[in-house]
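Participant: Below is the sequence, then the predicted model.
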Amino acid sequence: MREIAPGLYYWTAAHPNWDPVHETDSPADWPEHVGCVLFEGPDAVVLVDPLVPEERWGELDQRIAGRHVVVLTTMRFHGRSRDAVLERYGGTKIRHDAPMPAGVEALPVAGFDETMYWLPEPRALVPGDRLIGDRAGGVRLCPPSWLDYIPSDEGVDELREALKPLLELPVEHVLLSHGEPVVGDGSEALARALA
């Protein structure tokens, strides 16, 4: 588990549904290891899109240490270990449109089946699938094929416009689900992705 800022941690885990055989930029084109976030908020330990392999539970137990746990999900495909975390810690699942725990803001991406989370204190943005790693340490928009399941005509150009308000945030870190996290220079990485 990597400490990104005080009280903010990021880890990756091998996704059990990963398929090594896929076409570039297809819906199956994502790294085997997916990113997960733990944020020690003022009222709760907040986990975003957690995927917890067996060897990681002990570390989570220590980090949580009896505190209240909240689990947030960026999109419907990222249920991962959510139910196991809720059962183990007696936590709370909060919907994207419900009041957020202290220190967390929900940023729904209208029309794109995703809610990103903004953590103002560590200045971290946590997206799901609409922003991914560019394989060079930065961020890019998801491939067009990742939008095919959305029942609308919205495409990458419309997604770019929908994400432009992110440029107003003082983002330092972008903690990606698919790809390496951007630690420092998050605003610059977002600006390049949305240019």
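Facilitator: Yes, it's here. What you see is a predicted model, and the numbers here were worked out from it, not measured in a lab. Numbers count the residues shown, from 1 in each chain.

Participant: so who does G79 touch?
Facilitator: The contact partners of G79, taken as C-beta atoms under 8 Å, 6 or more residues apart in numbering, are T73. Any C-beta I mention is one placed from the backbone N, CA and C, and that applies to glycine too.

Participant: pLDDT score for it?
Facilitator: G79 is assigned a predicted lDDT (pLDDT) of 85.

Participant: quick thing: my sequence starts at 367, can you match it?
Facilitator: Okay, residue one is now 367; in that scheme the one you just asked about reads as G445.

Participant: Would you mind measuring from P419 to S392?
Facilitator: 26 Å (C-beta to C-beta, to the nearest Å).

Participant: typo on my end, it should be E406
Facilitator: In terms of C-beta to C-beta, E406 sits 37 Å off from S392.

Participant: So between these two, which is more surrounded?
Facilitator: More neighbours surround E406 than the other of E406 and S392, with 17 against 13 (other C-beta atoms under 10 Å).

Participant: got the contact list for the nearest residue to that one once chain neighbours are set aside?
Facilitator: The shortest distance from E406 to any non-neighbouring residue, by C-beta to C-beta, 6 or more residues apart in numbering, is to G373 (3.7 Å). Residues near G373 by C-beta under 8 Å, 6+ apart: 405-407, 487-488.

Participant: now these: which count as buried?
Facilitator: 405-407, 487-488 (16 or more other C-beta atoms under 10 Å).

Participant: Any chance of the residues you listed in TSV with distance to D519 and pLDDT as columns?
Facilitator: Listed next are the buried ones among the contacts of G373 as TSV, based on distance: C-beta to C-beta, whole Å; pLDDT from 0 to 100:
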residue	distance to D519	pLDDT
F405	35	98
E406	41	97
G407	38	96
E487	38	96
P488	37	97
